[in-house]
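>>> After the sequence you'll find the predicted model.
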Amino acid sequence: MNFPYSSKKWQKISMAAVLTTVLGVGSLTAYANTGTDGAKATETSTQAEQSADTAKPANAEEPKAAAKEVTAESKATTTAEQTNTTTKPAATVGLENLTLEKAIEQALESNAQLESARLNVKNADLNSMLAYKTPAQMPDEMIGTLDAAKAKYVNNATIEMNRKLNALNLKATESKIKLGAQQAYYDLLYAQDDYNLKKQSLARAEAQLKVAKAAFEVGTKAKTDVLQAEMGLAGAQAALTTAQNNLEIERMDLNDFLGVDLDKKWNIIVSHKQTAPVTQTLQQAEAEALQKRVEMTQVKEELKLAELNVELIEKYSVMATYQGRIAKNNVETAKLAIEQKEREISKEVAQAYYNLKAAYQAIEFQKKAQEAAAESYRLTNLRFENGLATTLEVIQAEEELSDRENQYQRAIRTYNLAVVNFQTALGN
């Protein structure tokens, strides 16, 4: 069969088309976190190369050779992108590494809210000791009235309770700071992932524009195809700008929470991208939370104080008095408070547990959707190469792929935050 175009023109179209196909699929697999995904990238690229070769004219040997050369370059680029997760980029040389553990450690060391909480605990302990020092040192033989007994025993018990609660409240505050540090870390990590995905999307848009221009020059595509590709490129550039802005904002938010310079830049080390299912049952989780949560300790201590009041009234007064009745009512109120707190904690743990289960399932669904979008984009590019698809269809397939990539990363982020919230609900 004779073709109306020279071999050089066919060579230009073939090179650009194969580059688009391989770059689109390769950039997706380069972002994956497992080694098997790298193998998938090589396999997919090979399939794309074979399909592209069969689509070329039978007598166009030069375009085939050029297409294979472009494919080899694209594979090399894909390999470089895959190793980028373990090789430190030049832009990050000299920056301090930031892992999840480092973020938590830094927050516990310099977070302003936590520092204030520590000082408040010290002041509360000192105030309690000053207020109750004299009554607590009163000898037992000098106690003859209910008021004196309360001054010694109740106030002394109050001091011990306050000390215990202050320490537990400080621990709870530290847990909240840990939670906040993890949330800020994952927010920044997601923003960084989103920025990288937008860069990959921009690369696909640039490659698509090259294909459209090459086809237009040899007369196989209309000017509208070039214009549509230019619109797709402009949209990808705008999305990248937004992602870069969001990345800077998340970085400043993290620095603010950690108590460091707002302009400090980090080399984010990807760690603790948890995707394993929870092994604990809901009943086990509820039991653990009821044992560890500070709120349960507080209401139980309040019940002890109420019961101590009743004991003192029975020993130094009469239970039939108003004070005795009030003391009994306080005991019942404290018991009801314990029951109510148990219900609240159990409900909170259950919500965190179900959110965690749902977030884990969402990861699997989003991963399948991402893989399907990648295959759809690859096939659409092959159809475009053979004149069976328009530039608009390619752009729509690329947008769908980009959206699925973002949703998959968002699902991982949601799961990691769900793990953090679940651990917080347990009192860890």
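Thanks, I have the structure now. Note that the coordinates shown come from a computational prediction; the quantities given were computed from them, not determined experimentally.

>>> Name the helix or strand of the chain that has the lowest mean pLDDT.
helix 61-82 (a mean of 38; mean pLDDT, DSSP states H and E).

>>> I'd like the average pLDDT over whatever helix or strand comes next after that one.
Once the chain leaves helix 61-82, the next helix or strand it forms, by DSSP states H and E, is strand 96-98. The average pLDDT for strand 96-98 rounds to 89.

>>> Then stretch 381-394?
On average, stretch 381-394 scores 88.

>>> residues of that stretch that come out buried?
Within stretch 381-394, the residues that count as buried by 16 or more other C-beta atoms under 10 Å are 381-385, 389-391, 394. Where you see a C-beta, it was placed from the backbone N, CA and C, and this is true even at glycine.

>>> Same question for stretch 346-357.
346, 348-349, 352-353, 355-357.

>>> thought residue 406 was touching residue 194?
Yes. Between residue 406 and residue 194 there is a contact under C-beta atoms under 8 Å: 6.2 Å.

>>> So for these two, which residue has more residues nearby?
residue 194 (23 against 20; other C-beta atoms under 10 Å).

>>> What are the phi and psi values at the closest residue to the more buried one other than its chain neighbours?
In space, residue 194 comes closest to residue 243 once its chain neighbours are excluded; the distance is 5.0 Å by C-beta to C-beta, 6 or more residues apart in numbering. Residue 243 adopts backbone torsions of phi -60, psi -40, taken as degrees, to the nearest 10.

>>> show me what contacts residue 243?
Residues near residue 243 by C-beta atoms under 8 Å, 6 or more residues apart in numbering: 191, 194-195, 197-198.

>>> Same check on residue 406?
Contacts of residue 406 by C-beta under 8 Å, 6+ apart are 194, 197.

>>> Just the element for it, please.
Using DSSP H and E, residue 406 sits in helix 391-426.

>>> in that helix, what's buried?
391, 394-402, 404-409, 411-426.

>>> helix/strand/coil for the closest residue to residue 337 other than its chain neighbours?
Nearest non-adjacent residue to residue 337, counting by C-beta to C-beta, 6+ apart: residue 299, 4.8 Å away. Following DSSP: H, G, I helix; E, B strand; the rest coil, we place residue 299 in the helix state.

>>> measure residue 250 to residue 383 for me?
Going from residue 250 to residue 383 by C-beta to C-beta, to the nearest Å gives 39 Å.

>>> Also residue 105?
53 Å.

>>> cool, and residue 340?
Distance, residue 340 to residue 383, using C-beta to C-beta: 63 Å.

>>> same question, residue 160
From residue 160 to residue 383 the distance is 77 Å (C-beta to C-beta).

>>> now swap in residue 411 and tell me
Where residue 383 is concerned, residue 411 sits at a distance of 29 Å (C-beta to C-beta).

>>> what do you get for residue 355?
41 Å.

>>> From residue 363, how far off is residue 327?
Between residue 327 and residue 363 the computed distance is 55 Å (C-beta to C-beta).

>>> What of residue 222?
For residue 222, the distance to residue 363 equals 42 Å [C-beta to C-beta].

>>> Neighbour count: the two, which is higher?
Taking neighbours as other C-beta under 10 Å, residue 222 and residue 363 compare with residue 363 leading, 17 against 14.

>>> Tell me which residues touch that one, please.
275, 408, 411-412, 415.

>>> That one sits in which helix or strand?
helix 322-385.

>>> Would you mind splitting this protein into its domains for me?
1-87, 88-426 (automatic domain parsing).

>>> which stretch in the ones you listed has the least confidence?
With a mean of 42, domain 1-87 has the lowest mean pLDDT of the domains of the chain.

>>> which residues touch residue 228?
Listed by C-beta under 8 Å, 6+ apart, the contact set of residue 228 reads 212, 390-392, 395.

>>> any idea which element it lies in?
helix 223-258.

>>> in that helix, what counts as buried?
Buried residues in helix 223-258 (16+ other C-beta under 10 Å): 225-226, 228-230, 232-233, 235-236, 239-240, 243, 246-247, 250-251, 253-255, 257-258.

>>> One more: stretch 173-187?
Buried residues in stretch 173-187 (16+ other C-beta under 10 Å): 173-175, 177-187.

>>> repeat for stretch 106-114
For stretch 106-114, a neighbour-count test (16+ other C-beta under 10 Å) marks 106-107, 111, 114 as buried.

>>> Contact partners for residue 122?
Going by C-beta under 8 Å, 6+ apart, residue 122 touches no other residue.

>>> how near is it to residue 163?
Taking C-beta to C-beta, one finds residue 122 at 11 Å from residue 163.

>>> likewise residue 287?
27 Å.

>>> now residue 126
11 Å.

>>> Also residue 223?
80 Å.

>>> just residue 351 next, same as before
For residue 351, the distance to residue 163 - C-beta to C-beta - is 32 Å.

>>> before we move on, what about residue 109?
Residue 109 is 24 Å from residue 163, by C-beta to C-beta.

>>> With residue 286 instead?
From residue 286 over to residue 163 the distance is 28 Å, taken as C-beta to C-beta.

>>> between these two, which one's more packed in?
residue 286 (21 against 15).

>>> Now do the contacts for that one.
Contacts for residue 286 (C-beta under 8 Å, 6+ apart) come out as 345-346, 349-350.

>>> let's see it at 7 Å
346, 349 (C-beta atoms under 7 Å, 6 or more residues apart in numbering).

>>> Doesn't it lie inside a helix?
Yes. Assessed by three-state DSSP, residue 286 belongs to a helix.

>>> Can you give me the buried ones in stretch 281-300?
Buried residues in stretch 281-300 (16+ other C-beta under 10 Å): 285-286, 288-290, 292-299.
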